[in-house]
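S.K.: Here is the input, now give the coordinates:
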Amino acid sequence: MSGRVVRSLDAFQRRHRWAGFPLAVVYKFADDQGGYLAALITYYGFLSLFPLLLLLATILAFALHGDPHLQARLLDSALAQFPVISSQLRENVHANSGSGLALVIGIVGALYGCLGAAQATQNALNRAWAVPRNVRPNPIKSRLRSLLLVLVLGLGVLVTTGLSGLTTGAGALGASVAGGLRVGAILIAALANIALFMLAFRVLTAREIPTRHLRLGAVVAGIGWQIVQLTGTYFVSHALKGTRESYGVFALVLGLLAWIYVLALVTVVAAEINVVAQRRLWPRALLTPFTDDVQLTSADKRSYTAYAESERHKGFQTVDVDFQPEQPSPHDEEETGA
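M.R.: Just a heads-up that it's a prediction; the model follows:
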């Protein structure tokens, strides 16, 4: 009976794209160890955060030396990007007088962390697209590419930070924002996020992929980041309303790690969506991650072949992938949803 149920479910998801496509994305994410890829991005993102905040506070101190109140307001607007732990950040990051040493430390730390995060994201995208190692850019070119992206995205983040300040930071600053303006700011911020992700996916993937095949993932990532931001704001405004937020450094670190990890997960999943859609890696066999006793679909075979070919280190190296002959599967004719 259980075998009959599994076969029925398998046949159903193979026939219906709305069921087979999400399942294929989940399997592709698991095959690529997406959780570990997101964790690596989180590590470097966490390393870059405090140097970036230190750099921001120092620049504000130099630029607005005669207006400490405006310094504090702008810094609070930036900290509002982390609604779950924004109050703890405000207790630890302050806009004081400018310091040359703080400026140097902020630049060096931010550069190291941001380049590391860009490199980790580049690795995740190459892993998702199964780019052979000999095709990926060498260490120097990859870091130059990451540096260019960091500089461009830095300008974009300034725009999205300002827009999000209207939505997530207005309450923290004691300002009142009209509902229409708030909704408009949310939409513009989401569009800006989509554009930034389109640029990131375009720059950080070694293999040339037509831009039209990157749109779906960029839309998912841009909207996903905005939803995470709004969800965090709602969580603070309602679930944590009236509770004590000051739980010390331990809570601050855990909150930051969780926040960055969720955003990294959204990014990796969006990249996997692009790959599955562009290479038509669905439907997958329902039990293929769990057992060898399974009839592979053509999408399964293309996926496993790509994984093996991605380990090619030299252009003159040959990687051949063969599958043992299988008995005809009753599901082979049911892959019309592919």
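S.K.: Report the rounded mean pLDDT for the lengthiest helix in the chain.
M.R.: Assignment by DSSP state H gives helix 248-279 as the longest helix of the chain. Mean pLDDT, computed over helix 248-279, is 86.
S.K.: buried sites along it?
M.R.: By neighbour count on 16 or more other CB atoms under 10 Å, the buried set for helix 248-279 is 252, 255-256, 259-279. Yep, even glycine has a C-beta here, placed from its N, CA and C like the rest.
S.K.: what number of residues lie near W18?
M.R.: 8 (other CB atoms under 10 Å).
S.K.: What lies in contact with the helix or strand harbouring it?
M.R.: Element membership for W18, per DSSP states H and E: helix 17-31. Helix 17-31 has contacts (CB atoms under 8 Å, 6 or more residues apart in numbering) with 12-14, 35, 128, 268-269, 272-273, 275-277, 281-284, 286, 288-289, 299, 303, 307, 337-338.
S.K.: now with 6 Å?
M.R.: Where contact means CB atoms under 6 Å, 6 or more residues apart in numbering, the residues beyond helix 17-31 that reach it are 13-14, 272-273, 276, 281-284, 289, 337.
S.K.: Got a quick PyMOL command for the buried subset of those residues?
M.R.: PyMOL command restricting the contacts of helix 17-31 to the buried ones, with burial defined by 16+ other CB under 10 Å:
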select buried, resi 13+14+272+273+276+281+282+283+284+337
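S.K.: wait, which of the contacts of helix 17-31 is closest to P137?
M.R.: Nearest to P137 out of these is E272 (CB to CB; 21.3 Å).
S.K.: Next, the angle from the helix holding W18 to helix 248-279.
M.R.: If you take axes from the mean of the first three to the mean of the last three CA atoms, to 10 degrees, helix 17-31 sits at 120 degrees to helix 248-279.
S.K.: Let me know the average pLDDT across helix 17-31.
M.R.: 96.
S.K.: Over to D320. Which of the three states is it?
M.R.: coil (DSSP: H, G, I helix; E, B strand; the rest coil).
S.K.: try the one 3 residues further on
M.R.: The local conformation at F323, judged by three-state DSSP, is coil.
S.K.: Tell me how far it lies from V269.
M.R.: The gap separating F323 from V269 is 28 Å, by CB to CB, to the nearest Å.
S.K.: before we move on, what about A258?
M.R.: A258 is 16 Å from V269, by CB to CB.
S.K.: same question, F201
M.R.: F201 is 13 Å from V269, by CB to CB.
S.K.: Equivalent analysis for R182, please.
M.R.: For R182, the distance to V269 - CB to CB - is 27 Å.
S.K.: what does D31 give?
M.R.: For D31, the distance to V269 - CB to CB - is 13 Å.
S.K.: Likewise for L187?
M.R.: For L187 relative to V269 (CB to CB), the value is 22 Å.
S.K.: returning to that earlier point: can you give me the buried ones in the helix holding W18?
M.R.: 19-21, 23-29, 31.
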